[in-house]
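**Student:** What follows is a predicted protein model with its sequence.
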Amino acid sequence: MGRLSRRAFALAALSTLTTASEAAATPRHPRRAATEMRGVWLATVGNRDWPSQPGLTAAQQRAELIAHLDRAAADRLNTVMFQVRPTADALWPSPYEPWSQYLTGTQGRNPGWDPLGTAVTEAHRRGLQLHAWFNPYRIALHSDPTKLVASHPARRHPDWVVPYAGKLYYNPGLPAVRAFVQKAILDAVHKYPVDAVHFDDYFYPYPVPGQTFDDDAAYDRYGGDFVSRADWRRNNIDKLVLETAAAIKRIRPTTRFGISPFGVWRNDSTDPLGSDTSAGVQSYDDNFADTRKWLREGWLDYLVPQLYWNIGFAAADYAKLVPWWAEQARGSRTKLYLGEALYKAGDPAQPAAWQDPAELSRHLTLARRYQQARGHVFFAAREIAADKTGAMARVVADHYQKPAIPPR
């Protein structure tokens, strides 16, 4: 082999040094994927998403549940909000509340397996977080207490119950109710390594014209320190939120607490601090949920306002609500995620924008302008599984080509 010239030797040495320098600067592990919420709600009330009908065998129910988790993982989502207490019942063996009727068709009947325990194990096996989703106060989608199983707490404590608009609710104004609801929910936190406790938007029920939520006796007894019944009701919900958050941290410090409220706190015509909207419902006034305060004060680990409107919708424009919520989240420890109405995609009853499969993808593109928006949660699993118009496939192709680490 011939001897290298001095120039060739110098070039070879420089090349070797450059290669070594580049190697030293290159991380030993691949660059971490982005961190963002990519969630889906898996609703069980009324057998909306799962199980497909009551009375399936345990094996059939389990197979359907696994299929939802597999689909979430295949779409490179990273979180499932699994509804485990849809109507003052349980999808795990609870000592406080009956087995859900949505499993067997009969409230209180043991389904022969543990859906929540299975969901936690199988979600984690697939790299998914499992957020246990609880509805705090809804008892039944009917108004007849005798239809509840005889052992139901609502039958043992009829003074806790308020019939309203054809449904039954626990009264949020009673301290005994608040304590019981927390005890029932926290049983699951004690038993399972859930990644989060998740509440939806049902605190005080949505208003129905001509109907009155009769909490006169509770207000007379406990509302004396408040200027108005509305302030008292908001304080009742504030207490539920603060007490639940503190209890979760005591029991399982790594478990987070998140809430998904209605997407409008208040319209700016009602309150100059509100959003540029004219929605018929305002969570502050109608659900008595001061969601803006929870976010700004950092009471929660995350908040997911349900922004279930299209870009350009006059009464509640997605393009106006995202920056409003982002501004409320500025400087807060509470992470902001955005709730997305996948269920509206392709629905002929919805505005024309929802007939375009690209509408949801545009939502994610718009939200990326705001650093406070840390991800999205899609309603709901049934639509992800069917994806009749390809709207979710478009989201995945445009935004979820690579996995993302779920926020912690």
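**Tutor:** Everything's here; your move. Numbers count the residues shown, from 1 in each chain.

**Student:** now the helices for the protein?
**Tutor:** Along the chain, the segments classed as helices by DSSP state H run 6-25, 58-74, 101-104, 115-125, 153-156, 175-191, 216-222, 229-251, 291-297, 318-329, 359-367, 381-386, 391-399.

**Student:** Tell me how many other residues crowd the closest residue in space to residue 378 that isn't next to it in sequence.
**Tutor:** In space, and not counting its chain neighbours, residue 378 is closest to residue 342: 4.4 Å by CB to CB, 6 or more residues apart in numbering. All C-beta spots, glycine's among them, are computed from the backbone N, C-alpha and C. Applying the criterion other CB atoms under 10 Å, we find 25 residues in the vicinity of residue 342.

**Student:** Now residue 213. Nearest residue, chain neighbours left out?
**Tutor:** That would be residue 164: by CB to CB, 6+ apart, it lies 5.1 Å from residue 213.

**Student:** Apologies, that question was intended for residue 398.
**Tutor:** Spatial nearest neighbour of residue 398, excluding adjacent residues (CB to CB, 6+ apart): residue 361 at 4.6 Å.

**Student:** average model confidence for stretch 51-67?
**Tutor:** In this model, stretch 51-67 has a mean pLDDT of 98.

**Student:** quick one: low-confidence parts of the chain?
**Tutor:** Within the chain, the stretches with pLDDT under 70 are 1-33.

**Student:** Just give me the residue right at the centre of it.
**Tutor:** Ranked by distance to the mean C-alpha position of the chain (CA atoms, centre = their mean), the top residue is residue 260 at 5.1 Å.

**Student:** Verify the contact between that residue and residue 203 for me.
**Tutor:** No. Because the distance of 11.5 Å does not satisfy CB atoms under 8 Å, residue 260 is recorded as not touching residue 203.

**Student:** one step back: show me the contacts for the residue nearest to the centre of the chain.
**Tutor:** When the contact criterion is CB atoms under 8 Å, 6 or more residues apart in numbering, the partners of residue 260 are 41, 81, 198, 199, 200, 201, 303, 304, 305, 306, 339, 377.

**Student:** Tell me how far residue 149 lies from residue 101.
**Tutor:** In this structure, residue 149 and residue 101 are 9 Å apart, going by CB to CB, to the nearest Å.

**Student:** circling back to that earlier point, now tabulate the contacts of residue 260 in JSON lines and tack on neighbour count and distance to residue 268.
**Tutor:** Shown next, in JSON lines, are the contacts of residue 260 (neighbours: other CB atoms under 10 Å; distance: CB to CB, whole Å):
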{"residue": "41", "neighbour count": "30", "distance to residue 268": "29"}
{"residue": "81", "neighbour count": "26", "distance to residue 268": "30"}
{"residue": "198", "neighbour count": "26", "distance to residue 268": "29"}
{"residue": "199", "neighbour count": "22", "distance to residue 268": "26"}
{"residue": "200", "neighbour count": "24", "distance to residue 268": "25"}
{"residue": "201", "neighbour count": "20", "distance to residue 268": "21"}
{"residue": "303", "neighbour count": "24", "distance to residue 268": "20"}
{"residue": "304", "neighbour count": "28", "distance to residue 268": "22"}
{"residue": "305", "neighbour count": "28", "distance to residue 268": "16"}
{"residue": "306", "neighbour count": "20", "distance to residue 268": "19"}
{"residue": "339", "neighbour count": "23", "distance to residue 268": "21"}
{"residue": "377", "neighbour count": "26", "distance to residue 268": "26"}
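
**Student:** Give the closest residue to the residue nearest to the centre of the chain in space, chain neighbours not counted.
**Tutor:** Distances taken as CB to CB, 6+ apart put residue 304 closest to residue 260, at 4.0 Å, once the chain neighbours are dropped.

**Student:** just checking, that neighbour touches residue 258?
**Tutor:** Yes. In this structure residue 304 lies within contact range of residue 258 using CB under 8 Å: 6.4 Å.

**Student:** ok so, going back, buried deepest among the helices of the chain, which one?
**Tutor:** Mean neighbour counts were taken over the helices of the chain using mean count of other CB atoms under 10 Å, and the top value, a mean of 22, falls to helix 101-104.

**Student:** ok, residues contacting that helix?
**Tutor:** The contact list for helix 101-104 (CB under 8 Å, 6+ apart) reads 44-47, 51, 54-55, 61, 86, 89, 91, 107-111, 115.

**Student:** Count residues in the vicinity of residue 106, would you?
**Tutor:** Using other CB under 10 Å, residue 106 has 15 other residues around it.

**Student:** Equivalent analysis for the one 3 residues further on, please.
**Tutor:** By other CB under 10 Å, the residues close to residue 109 number 16.

**Student:** returning to that earlier point: run through the bridge partners of the residue nearest to residue 213.
**Tutor:** Here residue 164 sits in beta bridges with residue 167, going by DSSP bridges.

**Student:** quick one, what contacts residue 199?
**Tutor:** By CB under 8 Å, 6+ apart, the residues touching residue 199 are 133, 134, 135, 136, 258, 259, 260.

**Student:** let's see 7 Å
**Tutor:** Neighbour list for residue 199: 134, 136, 259 [criterion: CB atoms under 7 Å, 6 or more residues apart in numbering].

**Student:** which of the residues you listed has the most neighbours?
**Tutor:** Neighbour tally across those (other CB under 10 Å): the maximum, 26 neighbours, falls on residue 259.

**Student:** From residue 151, how far off is the spatially closest residue to residue 261 that is not a sequence neighbour?
**Tutor:** Once its chain neighbours are removed from consideration, residue 261 has its nearest residue in residue 291; the separation is 4.3 Å (CB to CB, 6+ apart). Using CB to CB, one obtains 35 Å as the distance from residue 291 to residue 151.

**Student:** hang on, residue 105 packs against residue 54?
**Tutor:** Yes. Judged on CB atoms under 7 Å, residue 105 makes contact with residue 54 at a distance of 3.8 Å.

**Student:** Tell me which of those two has more neighbours.
**Tutor:** Set side by side, residue 105 and residue 54 give different neighbour counts by other CB under 10 Å, the larger being at residue 54 (17 against 12).

**Student:** what comes up buried for stretch 192-205?
**Tutor:** By neighbour count with 16 or more other CB atoms under 10 Å, stretch 192-205 contains the buried residues 192, 194-205.
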